[in-house]
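In: please find the sequence and the predicted model below.
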Amino acid sequence: MLCALVAATLAPAAVVRVEVAEERPVGPYTLVRGKVHFAVDPKLPANRIITDLDLAPRNAKGLVEFSSDLYLLRPPKSNGTVLFEVSNRGRKGLLTTFNLASPAVELGDGFLLERGFLLVWLGWQWDVPAEPPNLMRFYAPQARGAKGVVRSDYVPDEKTNRFYVADRTHTAYPVADPNDPDMQLTVRDRAAGQRRVIPRSQWRPEPDRTHIYMDSGFEAGKIYEFVYHSQDPALAGLGPAAVRDFISHLKQKDGYQRAIGFGSSQSGRFLRTFLYYGFNQDEQGRKVFDGVWAHVSGGGRGSFNHRFAQPSRDARPFFNFLYPTDIFPFTFKEQTDPETGITDGLLARAEKAGVVPKIFLTNSSYEYYGRAASLSHTTLDGKRDLPPGPEARQYLIAGAQHGPGAFPPRRNGTQNLANANDFRWTMRALLVAMERWLREGVEPPASQIPRIADDKLVPLGAVQFPKIPGVAFPTRMHQAYRADYGPQFRTKGIVTIEPPKLGNAFPMLVPQVDQDGNETAGIRLPVIQAPLGTYAGWNLRDPKIGAPDELYSMVGSYIPFAKTQVEREKTGDPRPSVEERYKSRQEYLERITAAALVLVAGGYVLERDIPKIVEKAGAQWDYGR
């Protein structure tokens, strides 16, 4: 028999009904798949924050209707906590992150099941592509009659003649008029380089109005930018409203005591944006998420609640430039930007409404190089640390890339091997800490971030990276600018200036390193404390794909130590070899174990995971020997 959650009911709240398409066992879980239908009142104060809601079609009751895909896994015994993952581009990653799952072992080691979480996913993103069919989708109405400017950039890795005007395969806003004389296509070499206009005679919109064709072709490693007009955009801001209303429904109608919102990368930025706009207050003024965990979101937000928003666009060192992602404010506490005079903070609305959740921010090393992470805990001038406050913790996972590293490491368009640091051990421990914080009031582990006051957060030019033969340290990194999208952007969510007018860049800082090139602050997992190489958050583009002095998006580096002293001396590597560091495999694993035990004592690793950590370290020792 279905519980109240999945009953097809009518309710006075924004959740109108839940349609169940499938309910079946998956191991010990019960899987429920279906669709949630919503209807919101545009006149309610909680809904006035949704951009262009007044332009949405309404039903006979004057309400705006929309719907979302639903997928949940219900454990046999509940701990009373909803663990909601904000789907990243429609995908589901909770089991991979926390259960160590893989395609071969779908449910992983059962970690989340053992702890009794209700696992929930809900479509929120309007532009998720039609394929593959198992992605989580959001079905948004359009803002009929709205017109505006859209910008799309493209950096090909190889020469091609066609340019799709959306992020990869995501749904694009079509060109309104293929003959519009105001359309413009430009090319430049650097993010901050001079744009060169490509004559209109050399390119044309294709009949589908979502592709641009150029006879001479788009060159690898060049930055192309297309600015055009479109109309009738999706109401993207109803996506976060759907999340708000369904989580509130679970708590108020189905009896769950707590809800944790977890999001990684784009989804972490979604949660920062969710808090910023005030979506953590439901239509009745109640707190939605009790805990919010934004993972590898850097200092960013995103295109989730404005006219012609492109949710799939982010901000990268050499892709997706100048979308409203890394924009002020960056910190929870209010700051005043002396150049614009604007005072703001991510939690300003939540604090006013009394709905501030407990918060975790976790970032890898990459986010400091490629996602403006330092701005999340420094003053705007980059001269002082800014603590997150008592309701939040911030953690750097030292020597890590954007996603957990895999071993053996590979190159895929990068100069160095990809970073091999698998940091999921820390994710599991922090989830336990977050749930206990909410349920029992037990303080979680202390924040672990590089600080200016300790000389562990420094400008790029001050990083004391060792001179390793054949390895180039970055000379440039991602920049966040004061960007002007027009006078209506902050107040109404309407962009009128594309590309935006740029003011000065904010100062960007990165973690300092030791003599091996490994970072000295943050959560230093055993493979960093007892290393077999250098683990960096950055990597550079392979010359074969162009722009070899630019950062490769999302990927870090693993630069192995020489195996022997003779090998090290032959190459001139200043880092001591493996042979010079460890007398034997046993000694190496003993040091890995000792480091893991210290992390367990601090709450950054679970004791149950030590055998797995040691096993994986042993496999790395054996690799190539």
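Out: Nice, thanks for sending it over. Residues are numbered from 1 along each chain as shown.

In: could you report the separation of Glu225 from Ile212?
Out: 11 Å (Cβ to Cβ, to the nearest Å). Placement of C-beta: from N, CA and C, glycine included.

In: what's the answer for Arg575, then?
Out: In terms of Cβ to Cβ, Arg575 sits 47 Å off from Ile212.

In: all helices for the chain, in order.
Out: Assigned by DSSP state H, the chain shows helices spanning 94-98, 111-115, 238-253, 266-277, 348-353, 366-370, 424-440, 489-492, 526-529, 565-571, 578-581, 585-602, 610-622.

In: Arg144: how many residues sit nearby?
Out: Close neighbours of Arg144, defined as other Cβ atoms under 10 Å, add up to 12.

In: equivalent analysis for the one 5 residues further on, please.
Out: The burial count assigned to Val149 is 19, neighbours taken as other Cβ under 10 Å.

In: re the thing from before, most packed of the helices of the chain?
Out: helix 366-370 (a mean of 29; mean count of other Cβ atoms under 10 Å).

In: which neighbours do Glu225 and Ile212 have in common?
Out: Counting by Cβ atoms under 8 Å, 6 or more residues apart in numbering, the shared contacts of Glu225 and Ile212 are Leu185.

In: those two: who's more crowded?
Out: Legend: neighbour count by other Cβ under 10 Å for Glu225 and Ile212, higher for Ile212 (24 against 20).

In: thought Arg204 was touching that one, still the case?
Out: Yes - applying Cβ atoms under 8 Å, one finds Ile212 in contact with Arg204, separated by 7.3 Å.

In: ok so, going back, ok, which of the helices of the chain comes nearest Asp54?
Out: helix 489-492 (10.6 Å; Cβ to Cβ).

In: so which residues of the stretch 101-250 of the chain form strands?
Out: 118-122, 138-139, 147-154, 160-164, 184-188, 196-197, 203-205, 211-218, 223-231 (DSSP state E, counting those that start in this stretch).

In: could you export those strands as CSV, including distance to Asp69 and mean pLDDT?
Out: Shown next, in CSV, are the strands of the stretch 101-250 of the chain (distance: least, Cβ to Cβ, whole Å; pLDDT from 0 to 100):
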stretch, distance to Asp69, mean pLDDT
strand 118-122, 7, 98
strand 138-139, 7, 98
strand 147-154, 26, 97
strand 160-164, 24, 96
strand 184-188, 36, 98
strand 196-197, 42, 98
strand 203-205, 32, 97
strand 211-218, 27, 97
strand 223-231, 25, 98
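
In: pick the most deeply packed of the ones you listed.
Out: strand 118-122 (a mean of 23).

In: who's in contact with that strand?
Out: 29, 36, 68-75, 78, 81-85, 87, 92, 94-95, 112, 136, 242-243, 246-247, 250, 256.

In: list buried residues within those residues.
Out: By neighbour count, with 16 or more other Cβ atoms under 10 Å, the contacts of strand 118-122 hold 29, 36, 68-75, 81-85, 87, 92, 94-95, 112, 136, 242-243, 246-247, 250, 256 as buried.

In: need the pLDDT of Arg490.
Out: pLDDT for Arg490: 94.

In: please apply the same query to Val16.
Out: 97.

In: next: the one 3 residues further on.
Out: Here, the pLDDT recorded for Glu19 equals 97.

In: tally of neighbours for it?
Out: Neighbours of Glu19 (other Cβ under 10 Å): 13.

In: spit out the contact partners of it.
Out: With Cβ under 8 Å, 6+ apart, Glu19 has these contacts: 8, 34-37.

In: swap in Arg451?
Out: Here Arg451 is in contact with 385, 457, 521 (Cβ under 8 Å, 6+ apart).

In: closest to Val187 out of the helices of the chain?
Out: Comparison of the helices of the chain against Val187 by Cβ to Cβ identifies helix 366-370 as nearest, at 22.7 Å.

In: helices or strands up against that closest one?
Out: strand 510-511 (3 or more Cβ pairs under 8 Å, 6 or more residues apart in numbering; DSSP states H and E).

In: how far does the strand it packs on sit from the chain's center?
Out: 19 Å (Cα atoms, centre = their mean, to the nearest Å).

In: list the beta-bridge partners for the residue lying closest to Pro178 once chain neighbours are set aside.
Out: Excluding the flanking residues, the one nearest Pro178 by Cβ to Cβ, 6 or more residues apart in numbering is Pro205, at 4.5 Å. With DSSP bridges applied, Pro205 shows beta-bridge pairing to Ile212.

In: just the strands in the stretch 401-550 of the chain please.
Out: Under DSSP E, counting those that start in this stretch, the stretch 401-550 of the chain gives strands at 417-418, 457-458, 481-484, 501-505, 510-511, 533-536.

In: just the residues contacting stretch 241-252, thanks.
Out: 5, 11, 13-15, 36, 38, 40, 46-47, 50, 66, 68, 70, 82, 84, 86, 118, 120, 122-124, 138, 256-259, 261, 274, 279-280, 282-284, 286, 288-289.

In: how about 6 Å then?
Out: 14-15, 36, 38, 50, 68, 82, 122, 124, 256, 259, 279, 282, 288 (Cβ atoms under 6 Å, 6 or more residues apart in numbering).
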